[in-house]
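Chemist: next input, structure requested:
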Amino acid sequence: QLSKAEQTTYEDLLAKFLAGARAVRKEWPNVKLLMPYGDQMNTIVFLKLCPESRDLIDGVAIDMPAFERLPEQQINQVVLSRMYPLMKDLKQYKKNPYLVMTEGFAVSSKDVDTGQKGQADLCARDFLLLMGYGLTRFEAGNSAWDCANYWGENHYGSGWCSRLPMSMPKLAYINYATITRQLNRANFTKYIPTGSTSTYCEQFKHYKTGKLVHVLWTIRGKRTVNVTVPAGASLEISDQNDNATALKEKNGVVSFTVDQSPQYLEGLAADAKITLGESDHSDAQPAKEVEKIASLGDGSWNLVAKEDPEYLKNKPLQIERFLGKMSASVVDSAKGQGGPTPPGYDVGSKALAIHLEKQDKDRGVMPFYTTLEPKSAVTIPGKPSHLGLWVHASSDWGRMVYCLRDAKGEKWISVGAKDEWNNDDIHAWSAFAFDGWRYMRFPMPSSAPYDSFRERGTTWWGSYGGDGVVDLPLKLEKVIVERRPKVIYGNDLVDAKPDDVLLADLNAEYAVEADRGDEAVRLSKLRMPIPKGAPEMTNPIAEFARTGIGAPTKILKVTDPLSQYDGTRCNVSFDLVAGAKGYDVWVSPYADGRGAMQLGTAWTESGKLIEGLRPDVDFHVFVIYTDKDGKLSKPSEPLQFKLKDRFGYK
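Modeler: Below is the predicted model:
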């Protein structure tokens with residue numbers, strides 16, 4: 001349902017679209033008309049509300065950067081799974097939509113992001129999953145080189161080669177070549193069931209010869225794949241570098257191991273019949289410096305059906321979360337529903353089993369949640385780098401959300417800052433995207449001593465009720481557990497396995513041994529002295545008030561621009577004054593006008609654009625006009641405003 005403001009925006013955009021689309025259709029009838037890119041779901045609004053648009057829109061210009069997100073990640077910001085609701089709605093109006101990737105995907109190979117192997121794996125799976133939705137035109141997904149400027153490197157830094165002039169091919173380039181050769185002239189046909197919603201098998205078929213290629217991978221750890229074949233059969237499996245290995249039949253099966261890098265299976269004449277071995281999660285182990293701080297299976301944690309507003313409405317344009325019916329019970333972790341604990345895994349003797357009950361309403365692609373609270377908040381000693389939890393899951397794509405309180409009472413929650421972009425666990429470190437026992441590590445927020453510099457792990461946390469500085473020691477007040485009865489798997493919404501999720505021992509990890517004790521807390525409290533005797537700011541607004549001649553005008557409103565909603569620009573509207581020659585717009589962070597800067601000069605109309613601001617900062621805008629005699633007026637009363645960086649609207 002559109003709000004009044006949204007309806008106004010929609011009608012304005014619709015008028016512009018119809019004017020342009022009618023003209024293009026008339027002059028160039030064979031040109032494909034795609035909905036202007038941005039959030040692709042906007043296309044559905046036009047198709048639904050305007051019947052004429054259904055004849056003018058041929059398809060969608062897909063804008064889905066993906067960044068470092070897992071390609072298989074469930075509904076959230078710019079995840080590929082948003083193709084599911086798009087296609088579900090789009091095909092109500094366009095049976096064979098023309099789809100083009102016009103922005104994205106953009107996966108950086110920087111070590112602080114994914115590294116070269118991470119980029120290669122994610123890019124390959126981005127291609128494969130999007131082809132599974134019928135997308136075959138990747139106009140924007142093939143950058144030859146890394147970007148060379150700040151914006152590109154930090155935001156869209158995804159090239160197959162290093163930046164010019166070196167131009168050295170990366171592993172992702174090799175993967176791209178492998179996909180190209182393996183799937184040349186082959187069309188996606190279907191997903192083959194594997195028995196797990198975290199292990200994938202896509203089938204492609206050559207358009208002419210009918211040759212089948214099956215592409216397989218798993219999201220976390222490693223997994224043995226067993227494929228049933230006739231006696232004496234010989235298949236071939238190729239890795240991400242296109243190195244082939246012959247597979248010989250033994251006891252009616254061929255077996256191989258998959259990980260996060262797609263592999264290409266050739267030689268089958270029909271659909272693969274797959275059974276999976278146990279998961280191997282030996283890649284995820286506690287750090288050297290680790291301390292057990294809690295056991296969720298010790299009987300001291302209580303399940304409470306309680307809403308948390310900072311969690312619930314953290315990214316309201318991308319995801320809704322619903323309080324769900326769940327129950328909890330303590331089980332023997334070695335003999336519980338999860339089966340025996342793998343050798344070498346010290347998960348703890350007891351675990352808390354979280355059972356998802358039947359819900360009152362089907363929420364489709366959205367998750368349900370509940371809360372676990374300890375009898376008393378868990379103090380985390382020293383300066384931790386990560387929390388690590390032993391979890392047994394069945395790939396239902398639920399997750400863990402941690403809620404902390406620092407020494408000054410500020411709340412920290414691991415879903416990122418509200419309404420911000422790229423900070424709600426985009427790597428899915430907290431997601432139950434695996435089968436079996438796995439150690440799940442999540443970075444902690446921290447501030448450096450002295451200048452309180454925000455350290456790296458803080459990106460994934462939102463803070464409330466304080467100054468945004470992590471004051472040690474931290475306490476864990478509760479954890480929120482998400483579960484999903486349904487999962488977007490491939491290009492469909494399927495039932496998730498209903499198995500209980502088992503939560504066992506919780507650890508605090510430390511970057512170095514010295515971070516474990518009270519000395520790390522003491523050092524964290526060191527602060528830079530505040531300078532004394534700061535100089536007085538000039539105040540041009542006070543000067544205009546003293547010397548101005550004409551009566552002030554009145555500012556009516558400050559509004560977001562129609563494009564580039566990045567919190568640095570806005571439109572300012574005010575009453576026009578008879579005989580005025582021009583209007584100057586001044587902005588200050590202070591209501592009295594101290595430090596005001598002129599951002600608009602000699603305007604002849606109201607409602608124009610000012611730039612050079614910052615999001616999430618309180619500003620005050622003033623307008624001064626020049627009368628017919630060239631005299632300046634007194635300043636208007638200030639209008640306070642605060643802009644938001646609305647990345648999704650850019």
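Chemist: helix or strand: which one has residue 223?
Modeler: Element membership of residue 223 [criterion: DSSP states H and E] is strand 222-228.
Chemist: residues touching residue 204, list them.
Modeler: Each residue near residue 204 by C-beta atoms under 8 Å, 6 or more residues apart in numbering is listed here: 183, 186-189, 212-215. Bear in mind the C-beta positions are built from the backbone N, C-alpha and C, glycine included.
Chemist: mind redoing it with 6 Å?
Modeler: 183, 186, 188, 213 (C-beta atoms under 6 Å, 6 or more residues apart in numbering).
Chemist: which neighbouring elements make contact with the strand holding residue 223?
Modeler: With contacts taken as 3 or more C-beta pairs under 6 Å, 6 or more residues apart in numbering; DSSP states H and E, strand 222-228 sits against strand 253-258, strand 274-280.
Chemist: how close does residue 84 get to residue 148?
Modeler: Using C-beta to C-beta, to the nearest Å, residue 84 is found at 36 Å from residue 148.
Chemist: quick one, helices of the stretch 501-650 of the chain?
Modeler: With DSSP state H, counting those that start in this stretch, the ranges of helices along the stretch 501-650 of the chain come out as 518-524, 540-547.
Chemist: next: the chain.
Modeler: Assigned by DSSP state H, the helices in the chain fall at 4-27, 42-49, 53-56, 83-90, 115-132, 150-155, 171-182, 309-312, 518-524, 540-547.
Chemist: buried deepest among those helices, which one?
Modeler: Of all these, helix 115-132 has the most neighbours on average by mean count of other C-beta atoms under 10 Å, namely a mean of 22.
Chemist: with just CA atoms, put that helix into CSV.
Modeler: C-alpha atoms of helix 115-132 as CSV (Å, rounded to 0.1, in the frame of the first residue of the first chain):
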residue,chain,number,x,y,z
GLY,A,115,40.2,-12.5,-1.1
GLN,A,116,40.9,-13.9,-4.5
LYS,A,117,39.4,-17.3,-3.9
GLY,A,118,36.3,-15.8,-2.2
GLN,A,119,35.8,-13.5,-5.2
ALA,A,120,36.2,-16.4,-7.6
ASP,A,121,33.7,-18.7,-5.7
LEU,A,122,31.1,-16.0,-5.2
CYS,A,123,31.2,-14.7,-8.8
ALA,A,124,30.9,-18.2,-10.2
ARG,A,125,27.9,-18.9,-8.0
ASP,A,126,26.4,-15.5,-8.8
PHE,A,127,26.4,-16.4,-12.5
LEU,A,128,25.0,-19.9,-11.9
LEU,A,129,22.2,-18.8,-9.6
LEU,A,130,21.1,-15.9,-11.9
MET,A,131,21.1,-18.3,-14.9
GLY,A,132,18.8,-20.5,-12.8
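Chemist: pull the distance from it to the chain's centre.
Modeler: Here helix 115-132 is found 16 Å from its chain centre; the criterion is C-alpha atoms, centre = their mean, to the nearest Å.
Chemist: and if you look at stretch 212-224?
Modeler: Using C-alpha atoms, centre = their mean, the offset of stretch 212-224 from its chain centre is 24 Å.
Chemist: what residues does it touch?
Modeler: Under C-beta under 6 Å, 6+ apart, the answer for stretch 212-224 is 72, 128, 182, 186, 198-205, 255, 257-259, 262-266, 268, 272, 276-277, 279-281, 283, 433-434.
Chemist: can I have the buried ones of these as a PyMOL selection?
Modeler: Burial among these is assessed by 16 or more other C-beta atoms under 10 Å; the matching PyMOL selection reads:
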select buried, resi 72+128+182+186+198+199+200+201+202+203+204+205+258+259+262+263+264+265+268+272+276+279+280+281+433+434
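Chemist: identify the bridge partners of residue 392.
Modeler: residue 437, residue 502 (DSSP bridges).
Chemist: my read: residue 552 touches residue 632, true?
Modeler: No: taking contacts as C-beta atoms under 6 Å, residue 552 lies outside contact range of residue 632: 10.8 Å.
Chemist: so, low pLDDT: which residues of the stretch 51-200 of the chain?
Modeler: 150-155, 157 (pLDDT under 70).
Chemist: let's go with 90 and repeat that
Modeler: Scanning the stretch 51-200 of the chain for pLDDT under 90 picks out the ranges 63-67, 77-78, 102-106, 108-114, 139-159, 162-166.
Chemist: mind listing what's buried in the strand holding residue 223?
Modeler: For strand 222-228, by 16+ other C-beta under 10 Å, it's 222-223, 225-227.
Chemist: what strands flank it, and is each parallel or antiparallel?
Modeler: With DSSP bridges as the test, strand 222-228 pairs up with strand 253-258 (antiparallel), strand 274-280 (antiparallel).
Chemist: partners of the residue lying closest to residue 559 once chain neighbours are set aside in the sheet?
Modeler: Take residue 559 and drop its neighbours on the chain: the residue closest to it by C-beta to C-beta, 6 or more residues apart in numbering is residue 571, 4.8 Å away. Beta-bridge partners for residue 571, by DSSP bridges, are residue 559, residue 609.
Chemist: quick check: residue 571 touching residue 606?
Modeler: No: the pair residue 571 / residue 606 is not scored as a contact, 9.0 Å apart, by C-beta under 6 Å.
Chemist: hang on, the earlier thing: and the residue nearest to residue 559, how far from residue 3?
Modeler: In this structure, residue 571 and residue 3 are 19 Å apart, going by C-beta to C-beta.
Chemist: those two - which one has more neighbours?
Modeler: residue 571 (15 against 8; other C-beta atoms under 10 Å).
Chemist: so what pLDDT did that one get?
Modeler: pLDDT recorded at residue 571 is 97.
Chemist: which residues touch it?
Modeler: Per C-beta under 6 Å, 6+ apart, neighbours of residue 571: 559, 607, 609.
Chemist: could you redo the last one with a cut-off of 10 Å?
Modeler: Counting by C-beta atoms under 10 Å, 6 or more residues apart in numbering, residue 571 touches 557-562, 606-610.
Chemist: how about residue 132?
Modeler: For residue 132, the contact set (C-beta under 10 Å, 6+ apart) comprises 80, 83, 188-191, 200, 202-204, 215, 490-492.
Chemist: how about the helices of the stretch 501-650 of the chain in TSV, adding distance to residue 318 and mean pLDDT?
Modeler: Listed next are the helices of the stretch 501-650 of the chain as TSV, based on distance: least, C-beta to C-beta, whole Å; pLDDT from 0 to 100:
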stretch	distance to residue 318	mean pLDDT
helix 518-524	34	96
helix 540-547	40	97
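Chemist: any chance of a markdown table for these, columns distance to residue 382?
Modeler: What follows is those, written out as a markdown table (distance: least, C-beta to C-beta, whole Å):
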| stretch | distance to residue 382 |
| --- | --- |
| helix 518-524 | 4 |
| helix 540-547 | 49 |
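Chemist: around residue 349, how many other residues sit close by?
Modeler: For residue 349, the count of nearby residues is 14 (other C-beta under 10 Å).
Chemist: now do it against residue 330, distance only.
Modeler: From residue 349 over to residue 330 (counting by C-beta to C-beta), the distance is 10 Å.
Chemist: pull up the overlap in contacts between these two.
Modeler: Shared contacts of residue 349 and residue 330 (C-beta under 10 Å, 6+ apart): 295, 297-298.
Chemist: related to what we said a few turns ago, among the contacts of residue 204, give me the pair with the biggest separation.
Modeler: Between any two of the contacts of residue 204, the greatest separation by C-beta to C-beta is 10.3 Å, found for 188 and 213.
Chemist: any residues in contact with both of these two?
Modeler: Contacts common to residue 188 and residue 213, judged by C-beta under 10 Å, 6+ apart, are 202-205.
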